[in-house]
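Asks: Any chance you could fold what I've pasted below:
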Amino acid sequence: MKKFLIVGIAVLVAVPTTIAFGGSGRDRATGGGQILVGKGAGDTIAFTGQALASGNTAAKGEVQYIDRTGGTGKGNIRFHGDVFCMIAEAGPNPGDPGMAEIAYRPKGDPTGDVDQLYIVDNGEPNQGNDVVFIDENPQSPCSFQNDDDDGDTALARGNAQVYDGD
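Replies: Residues are numbered from 1 along each chain as shown. Purely as a prediction, here's the structure:
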């Protein structure tokens with residue numbers, strides 16, 4: 001009887017959390033993978049962001065980037081950032097790409113230089129069609145106004161998911 005009671009309580013606690021997150025009105029983006037460079041392993045990126053309020057000026061999440069252009073195990077440069085702003089938009093038609101922008105600063109430095117990650121989710125499964133781009137000098141973070149996408153790179157060996165909470 002105790003065993004069934006514990007399992008029942010666990011289910012009751014888990015279900016509302018799942019339902020609340022799944023139907024949340026918050027913008028969200030998550031993903032990761034490799035950005036292929038040359039013949040090496042490729043740079044690695046992982047990100048998660050969630051808007052906490054309407055207007056998307058309050059957000060939480062993290063971005064981690066590992067630059068492997070020197071080769072695997074050869075002085076990799078690691079960057080870890082805290083998300084402070086995030087916005088997502090669904091495509092105009094079902095099946096169209098979803099896009100997100102995540103603005104972040106170096107971990108633990110709330111006044112540090114701002115970088116911004118642009119994400120394009122081209123559906124499931126990824127199969128190399130999702131796109132990411134890091135803008136190291138955004139003019140207006142989280143506004144979809146300065147999308148200099150000249151450096152867009154396919155996200156390989158990974159996936160991006162964008163959810164527009166509107």
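Asks: now the protein, which segments are flagged as low pLDDT?
Replies: 1-24, 36-41, 53-57, 70-75, 125-128, 144-152 (pLDDT under 70).
Asks: quick check: longest strand of it.
Replies: In the chain, assigned by DSSP state E, the strand with the most residues is strand 77-89.
Asks: Next, the buried residues of it.
Replies: For strand 77-89, the buried set under the neighbour-count rule, 16 or more other CB atoms under 10 Å, comprises 81-88. Bear in mind the C-beta positions are built from the backbone N, C-alpha and C, glycine included.
Asks: Pull up the pairing partners for whichever strand or helix holds Tyr65, direction included.
Replies: Counting by DSSP states H and E, the element that carries Tyr65 is strand 59-67. Using DSSP bridges, strand 59-67 pairs in its sheet with strand 43-51 (antiparallel), strand 77-89 (antiparallel).
Asks: Buried residues in the shortest one, which are they?
Replies: Of the residues in strand 43-51, those buried under the neighbour-count criterion (16+ other CB under 10 Å) are 43-45, 47-51.
Asks: from those, which is closest to Gln139?
Replies: Gly49 (19.5 Å; CB to CB).
Asks: what sits against the closest one?
Replies: If you count contacts by CB atoms under 8 Å, 6 or more residues apart in numbering, Gly49 has them with 27-30, 59-61, 63, 83, 86, 100, 102.
Asks: Other residues contacting the strand holding Tyr65?
Replies: Contacts of strand 59-67 (CB under 8 Å, 6+ apart): 43-52, 76-86, 102, 104, 107, 115, 117, 134.
Asks: 6 Å instead, please
Replies: Contact partners of strand 59-67, identified using CB atoms under 6 Å, 6 or more residues apart in numbering, comprise 43-52, 76-81, 83, 85-86, 104, 117.
Asks: for stretch 112-132, same thing?
Replies: 29, 47, 63, 97-106, 133-136, 138, 141, 152, 154-156, 159-162.
Asks: Can you verify Asp96 is assigned to a helix?
Replies: No: Asp96 is assigned coil when assessed by DSSP: H, G, I helix; E, B strand; the rest coil, not a helix.
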